[in-house]
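> Fold the following for me, if possible:
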Amino acid sequence: MRKSRSVEEMIKQLKDDPGFSNHVRHWHTVDARPAQYAPIPEQVPEQLVNVLKNRGIEQLYTHQAEAVKQTADGHSTVIVTPTASGKTLCYNLPVLSKMIEKPTARALYLYPTKALAQDQNSDLMEMVEALEGNLRCFTYDGDTSPAARTKVRDAGNIVITNPDMLHSGILPHHTKWIRLFENLEYIVVDELHTYRGVFGSHVANVFRRLKRICAYYGSHPKWIMTSATIANPLELAELLTEEEVVLIDRNGAPQGKKHLVFYNPPVVNEALGIRRSATLETKRIASRLVEANIQTIVFARSRVRVEVLLTYLQELTRRELGPKSIVGYRGGYLPSERREIERRLR
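The predicted structure is shown next:
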């Protein structure tokens, strides 16, 4: 099969191929939509406005502007918009605005995974460096060296961590984190929708402990939460934090055309109802995308499957694309390896 020159051509080829289309149970297309803009709110300091303009941001999406205004008015918020809609600015702008106004202010960022924390930290660091002030932003997780942890506790205006580290590495040692808890203005919770079920109930109790310790040190931080689209974001946010929360769900970001395809592997044994391995089908489909030079991410549910798929795809493309054009990413890699993969992906 000849190589595709665009995503559109690849989609047409898949639709026209009976070997693929006959096993598609549902193909849903979401149409593109234009952006809806609003002026940068007056609550954002001029220094930060200049940073945005230097990055080519002259105005905000409507949900970003609303998030900044609601937070500046003293409300806890939950922002629910699709992936890649600019939710990061919904909390970075209020947090950095507060720290420009009040240099002693602190913020705690909670991400569900190390990878997400590192990715968001990179964008935040660029803004902090552009401000050319004394703000310090640090990640505090299992990869943080013992030597660096003291500096994070003492000098971190923004501390980026995850619920597990908050539970086991910060809250039990709150007397070492007095500067953070005394001056904590904001708690940012990203990917709120992951905190459901039993795990969510555990996280809710961790948040209760966090609030008690903040109150002990005299701070009453506001919450800024973000979530993918779910049915009850406001209810979930208020149950987790036991706070009154303002919902922001009118997405102003532009949206490209999307195809959501539900694919069922073919039956290989009708008598037993056995289907072809999902891993092998994933390899086959991913191979077509890679051969077409379409940037692709494949998710797997275990470390072993990640390595199996990685081996398959690397062997397939070793001569044409080179061994480093396809890389794995999972727990178990050295922190330095993960940082390099994250850097190349960005």
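
> what's the spacing between residue 27 and residue 105?
Distance from residue 27 to residue 105, counting by C-beta to C-beta, to the nearest Å: 49 Å. All C-beta spots, glycine's among them, are computed from the backbone N, C-alpha and C.

> the more surrounded of the two?
residue 105 (21 against 14; other C-beta atoms under 10 Å).

> ok, the residue lying closest to that one once chain neighbours are set aside to residue 45 distance?
Distances taken as C-beta to C-beta, 6 or more residues apart in numbering place residue 185 nearest to residue 105, at 4.5 Å, with adjacent residues excluded. Separation of residue 185 from residue 45 (C-beta to C-beta) stands at 15 Å.

> more neighbours, these two?
residue 185 (20 against 17).

> Let me see the contact set for the more buried one.
By C-beta atoms under 8 Å, 6 or more residues apart in numbering, the contact set of residue 185 is 95, 98, 102, 105-107, 219, 221-222.

> a markdown table for those, including secondary structure and pLDDT?
Below are these laid out as a markdown table (DSSP: H, G, I helix; E, B strand; the rest coil; pLDDT from 0 to 100):
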| residue | secondary structure | pLDDT |
| --- | --- | --- |
| 95 | helix | 96 |
| 98 | helix | 96 |
| 102 | coil | 94 |
| 105 | coil | 95 |
| 106 | strand | 96 |
| 107 | strand | 97 |
| 219 | coil | 97 |
| 221 | coil | 97 |
| 222 | strand | 98 |
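
> tell me the two of those residues that are most distant?
Put simply, by C-beta to C-beta the two of the contacts of residue 185 set farthest apart are 95 and 219, 14.6 Å from each other.

> Those two - which one has more neighbours?
Per other C-beta under 10 Å, whichever of residue 95 and residue 219 has more neighbours is residue 95, with 25 against 17.

> That one against residue 108, yeah?
No: using C-beta atoms under 8 Å, residue 95 is not in contact with residue 108, being 10.0 Å away.

> what sits in contact with each of these two?
158, 186, 188.

> so residue 225 makes contact with residue 79?
Yes: the pair residue 225 / residue 79 is scored as a contact, 7.1 Å apart, by C-beta under 8 Å.

> ok, and what's touching the helix or strand harbouring residue 100?
In the assignment (DSSP states H and E), residue 100 maps to helix 87-101. With C-beta under 8 Å, 6+ apart as the test, helix 87-101 has contacts from 43-45, 47-48, 60, 63-64, 67-68, 71-72, 77, 79, 81, 105, 107, 109, 120, 123-124, 127-128, 131, 133, 135, 157-158, 185-186, 188, 190, 224, 226, 248.

> Repeat that for stretch 43-61.
35-41, 68-69, 72, 85-86, 89, 93-94, 96-97, 100-101, 127, 130-131, 251-253.

> Separate out the buried members of these.
Buried members of these, counted by 16 or more other C-beta atoms under 10 Å: 38, 40-41, 68-69, 72, 85-86, 89, 93-94, 96-97, 100, 127, 131, 251-253.

> which residues does the nearest residue to residue 233 once chain neighbours are set aside contact?
Nearest residue to residue 233 in three dimensions, chain neighbours excluded: residue 80, at 4.5 Å (C-beta to C-beta, 6+ apart). Applying C-beta under 8 Å, 6+ apart to residue 80 gives the contacts 226-230, 233, 247-249.

> can you do 6 Å?
227, 233, 249 (C-beta atoms under 6 Å, 6 or more residues apart in numbering).

> Now that we have the shared contacts of residue 95 and residue 108, which of them are buried?
158, 186, 188.

> so can I have TSV of the shared contacts of residue 95 and residue 108 showing pLDDT, distance to residue 52 and secondary structure?
Converted to TSV, those look like this (pLDDT from 0 to 100; distance: C-beta to C-beta, whole Å; DSSP: H, G, I helix; E, B strand; the rest coil):
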residue	pLDDT	distance to residue 52	secondary structure
158	94	18	strand
186	98	19	strand
188	97	19	strand
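
> who's the residue nearest to residue 233 bridged to?
residue 227 (DSSP bridges).

> Give me the nearest residue to residue 278, chain neighbours excluded.
Per C-beta to C-beta, 6+ apart, closest to residue 278 is residue 265, 5.8 Å.

> Check for me that that neighbour belongs to a helix.
No: if the criterion is DSSP: H, G, I helix; E, B strand; the rest coil, then residue 265 is coil and not within a helix.

> Model confidence for it, exactly?
Per-residue confidence at residue 265 stands at 94 (pLDDT).

> and it, what does it touch?
275-276, 278, 281.

> do the same with residue 23
Contacts of residue 23 by C-beta under 6 Å, 6+ apart are 263-264, 266.
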